[in-house]
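Asks: here's a sequence, model it:
(2 chains)
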Amino acid sequence: MAIASLRGLSYWYPGQARPALAEVDLEVGDGLTLVAGPSGGGKSSLLRCFNGLVPHFYGGRIKGGGEVAGLDLLTTPTRRLARAVGFVFQNPEAQLVSPVVEGEVAFGLENLAMPRREMRRRVEAALSAVGGLALRQRRVTTLSGGERQLVALASVLAMEPRLVVLDEPTSQLDPEGAAAVIGALAGLPSVVLAEHRLDGLAALATRQLTVEEGRVREGISTSRAPEPRRPRAPGGVAWRLEGVAAGPAGPLLAGIDLVGREGEVVALTGPNGGGKTTLLRTLAGLLKPLAGRVIRRSGRTAYLPQDPGVLLHRPTVRAEVELTLRRSGSGELAQVVLGEMGLLELAGRYPRDLSAGERQRAAIAAVVAGSPALALLDEPTRGMDPAAARRLRDVVDRLAGEGCAVVLATHDRELVEAVADRVLTVSGGEVR
Amino acid sequence: MPNPRAVAAWSLAGLVLAAGWSNPLTRLLVALSGLAFVGLRHRRGVRLRGVLFFLAAAWAGTALLNVLLSHLGNDVFLTLPGWLPLAGGTLTLEALAYGLVAGLGLVATVLTVLPLSVCLEPQDLLVALPGPLHRTGAALSASLNLVPGIARGYLAIQEAQRMRGWRPGLRSLPEVMIPALLTAMEDSIQLAEAMEARGYGGGPRTSYASQPWTWRDSGVALGALAAVGLVLAQPPPTWLAYPALTPPALNLAGLAACLLLLLPVFLWRSPASAA
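Replies: Just a heads-up that it's a prediction; the model follows:
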């Protein structure tokens, strides 16, 4: 029996002429429904229909109709639908309401006006269902991204929903955190899950859907195997760390000696909190080393921070790229890098209206424009679909070919295999 | 943990003091006690640098605008050529003094409300709200998150833009301020969305953890009440279009009221050490 159904549903965000969803007919039943598709294709919009965030929270225009657990989606407010549908968002930082884990898990129950004794029981049950009972008294700010997503899932399970919807819950996690979240989904009666990285998930799915240009179709096309790597010939020394100790507050890394060459791609891997970002920021000159020396070859350093939102502030994607080109005094055309990142069609759009994956591409185009001498990219494939990840690999190849020294911090094994000349593991204050 | 209702009482008293007495000394003392409260008793992980920078800029901006635009008063310290639009003419010490006092009022007002945002967890404030205000609560908690959010984002954004060739300066400030504001707003909206998706805002609510009212809370609330009483017992201030350039009179009642506002610093431990 279907738990949720959408009938002839079309949806337009406020002020948009093109529908985000077009004529969607869909029934969701038991088991794991896996949703894939390119960034900006309509995955997030589709998922938000199931708890009424589309259209109640976002506004806009909607046609057609739908039901979840016998509730009409167009006339039932989200706060009522929340009893039947649990929702886990993409960003582990911005969806937790309470300072302490158990309070967080209880938040939905408080909204159901449940007596305190029953709340205690449910909080405990939900935390143990995700294997997170030990986190109960922890402060949310001390949790890793993976732990946060587990807590978000537990908070949803505590409300005992009929359907659990997750929007790219693992895209910002390290492989360990992602595995814990996926593992916690086993045994749930019905789940809808959108994700780009499908490895391991496809085997668990009872049904696979693709959302592209607002339309839903059955099946997921699996990505091609990456092309074989072209060998590179690294040149002279481009950067060097000599006996460096670094950290934002006290030494997180110590005694680091490393050298990178022109045209060489170095990948930094390792767990969250291990020091990858600290190493990149030290190399960029943003973080003064506590000891030792950092030497960089002359020329511009491109730096992609983990959150693309901190970069984007111009009215269009093209203007973002042009700003960097103007500042670096480069004669390069914005068109070139926009084309490389597949952004020509989005060039006139406001960057902050884009989907998470599209934003990431815009941010990359904005930093690598204008032939940098050194490119430092922190989690560049975060939230990216496979097609965009391939474009990034081509850009990294091109940069290295022009003699740019590239350093990537990433969890993405495919990216490492496809572009890295050297892999370093940053963990527990050491680099190996 | 301070009880949110006691913090709200403190904020209210501070507002009455800052608004009720235009005496610059009182405003200064209210601002200083607000500064002491948020500075010493803010919750763990809150960064105040951005907010304080904002306040300093707002104060300086108000004073500067008043000096340049008002031209009223007798004590001229500079005469700008007349062809300058708006600013041209005499610049007076009176205008500067008025701008400084007005700006100080602004700063004091913000500092009295700031503890609600930085000394309490947003969740505690939500729970403390009376039932009918819960819808407002979602909006409130989203906006209270905004100020610390801006401060959090500011450093990361400054770094990222510096790597794109940004250099600090008045004209380039928007390049950092706009993303800081937008990122904080997006986070706030995302939080509101997450709250909605978990059933917030629909009628009656129970609470998982109790918020005990301790004798320390009583102390702060009584102090706030007494401070308001001291203000109300005073004759209403005579309204002056522009302050005379004489030092403001030291008002004992005002001084006592401001000292009462310092109670939170002595009575409450900071949430960080309590956790």
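
Asks: name the surrounding residues that touch stretch A:422-431.
Replies: Residues from elsewhere that reach stretch A:422-431, judged by C-beta atoms under 8 Å, 6 or more residues apart in numbering or on different chains: A:251-254, A:256, A:258, A:264-271, A:274-276, A:279, A:409, A:416, A:432. Where you see a C-beta, it was placed from the backbone N, CA and C, and this is true even at glycine.

Asks: mind running it again at 10 Å?
Replies: Contact with stretch A:422-431 is made by A:234, A:241, A:244-245, A:247, A:251-258, A:260-261, A:264-271, A:273-280, A:407-410, A:416-417, A:432, as judged by C-beta atoms under 10 Å, 6 or more residues apart in numbering or on different chains.

Asks: mark which of the residues you listed are buried, thanks.
Replies: A:234, A:241, A:244-245, A:247, A:251-254, A:256, A:258, A:260-261, A:264-271, A:274-280, A:407-410, A:416 (16 or more other C-beta atoms under 10 Å in any protein chain shown).

Asks: all strands for the stretch 1-150 of chain A, in order.
Replies: For the stretch 1-150 of chain A, applying DSSP state E, counting those that start in this stretch gives strands covering A:4-12, A:21-28, A:31-36, A:61-68, A:71-72, A:85-88.

Asks: which of those strands sits closest to chain B?
Replies: strand A:85-88 (4.3 Å; C-beta to the nearest C-beta).

Asks: re earlier: out of the contacts of stretch A:422-431, name the ones that lie in strands.
Replies: A:241, A:244-245, A:253-258, A:260-261, A:265-269, A:407-409 (DSSP state E).

Asks: residue contacts, the residue lying closest to A:Val244 once chain neighbours are set aside?
Replies: Ranked by C-beta to C-beta, 6 or more residues apart in numbering or on different chains and with sequence neighbours excluded, the top spatial neighbour of A:Val244 is A:Gly292, at 3.7 Å. Listed by C-beta under 10 Å, 6+ apart, the contact partners of A:Gly292 are A:Leu241, A:Glu242, A:Gly243, A:Val244, A:Ala245, A:Ala246, A:Leu253, A:Ala254, A:Gly255, A:Ile256, A:Asp257, A:Thr282.

Asks: A:Gly292 looks like it's in a helix, true?
Replies: No: membership of A:Gly292 in a helix is not supported by DSSP: H, G, I helix; E, B strand; the rest coil, which gives strand.

Asks: closest residue of the stretch 101-250 of chain B to chain A?
Replies: Residue nearest to chain A within the stretch 101-250 of chain B: B:Gly165 (3.1 Å; C-beta to the nearest C-beta).

Asks: which stretch of helix or strand covers that residue?
Replies: Using DSSP states H and E, B:Gly165 falls within no helix or strand.

Asks: phi, psi of the closest residue to A:Phe107 other than its chain neighbours?
Replies: Using C-beta to C-beta, 6+ apart and skipping the chain neighbours, the partner closest in space to A:Phe107 is A:Val97 (5.2 Å). Backbone geometry at A:Val97, expressed as degrees, to the nearest 10, gives phi -100, psi -30.

Asks: for stretch A:66-74, buried residues please.
Replies: Neighbour-count burial for stretch A:66-74 flags A:Gly66, A:Glu67, A:Val68, A:Leu71, A:Leu73 (criterion: 16+ other C-beta under 10 Å).

Asks: how about the residue of the stretch 151-300 of chain A found nearest chain B, what does it touch?
Replies: Here the stretch 151-300 of chain A gets closest to chain B at one residue, A:Leu286, 4.9 Å apart by C-beta to the nearest C-beta. If you count contacts by C-beta under 10 Å, 6+ apart, A:Leu286 has them with A:Leu280, A:Thr301, A:Tyr303, A:Pro305, A:Leu376, B:Leu155, B:Ala156, B:Gln158, B:Glu159, B:Ala160, B:Arg162, B:Met163.
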